[in-house]
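> no sequence for this one, just the structure:
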């Protein structure tokens, strides 16, 4: 993550309630995984993160560090800031 993106990340994180932040990250992660038809096991392997950690992020039990977020983003071929955009549950969720 470059310095500019790190500053955007820090600013977004500082202004969002921790529960909301976990919900955003888990919702966007789930959405990106579904779009790419990726399982949490294959994502964990590709990102170099434990399956348990990915599972806990998906279920809102923990928030990833910036490093883990960057690894997940790289594995999904997205910008890490994509995880911080507001997530709206659809009627299908």
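Ah, there it is. Bear in mind that the values here come from a model prediction, so they are computed numbers and not experimental data.
> buried sites along the helix ranked longest in the chain?
Of all segments of type helix in the chain, defined using DSSP state H, the longest is helix 18-36. By neighbour count with 16 or more other Cβ atoms under 10 Å, helix 18-36 contains the buried residues 21-33. All C-beta atoms are positioned from the backbone trio N, CA, C, and that covers glycine.
> For these, give me CSV that also has pLDDT.
As requested, the buried residues of helix 18-36 are exported to CSV (pLDDT from 0 to 100):
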residue, pLDDT
21, 85
22, 89
23, 88
24, 87
25, 91
26, 93
27, 92
28, 93
29, 94
30, 94
31, 93
32, 94
33, 95
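> coming back round to it: following the longest helix of the chain, which helix or strand shows up next?
Next in sequence after helix 18-36, counting helices and strands by DSSP states H and E, comes helix 40-47.
> who does that next one touch, helix- and strand-wise?
Under the contact definition 3 or more Cβ pairs under 8 Å, 6 or more residues apart in numbering; DSSP states H and E, helix 40-47 sits against helix 51-58, helix 66-76.
> Adding distance to residue 17 and mean neighbour count, write these out as a markdown table.
Listed next are the helices and strands packed on helix 40-47 as a markdown table, based on distance: least, Cβ to Cβ, whole Å; neighbours: other Cβ atoms under 10 Å:
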| stretch | distance to residue 17 | mean neighbour count |
| --- | --- | --- |
| helix 51-58 | 17 | 18 |
| helix 66-76 | 18 | 19 |
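> Quick check: mean pLDDT of stretch 55-73?
Across stretch 55-73, pLDDT averages out at 93.
> residues in contact with it?
Identification of contacts with stretch 55-73 by Cβ atoms under 8 Å, 6 or more residues apart in numbering yields 1, 6, 9, 18, 21-23, 25-26, 29-30, 33, 40, 43, 47-49, 53-54, 79-80, 82-83.
> Report all helices and strands that the longest helix of the chain contacts.
helix 51-58, helix 66-76.
> change it to 10 Å
On a contact count with 3 or more Cβ pairs under 10 Å, 6 or more residues apart in numbering; DSSP states H and E, helix 18-36 meets helix 3-15, helix 40-47, helix 51-58, helix 66-76.
> Show me which positions of the second one end up buried.
Yep, that's helix 40-47 we're talking about. Within helix 40-47, judged by 16+ other Cβ under 10 Å, the buried ones are 40, 43-44, 47.
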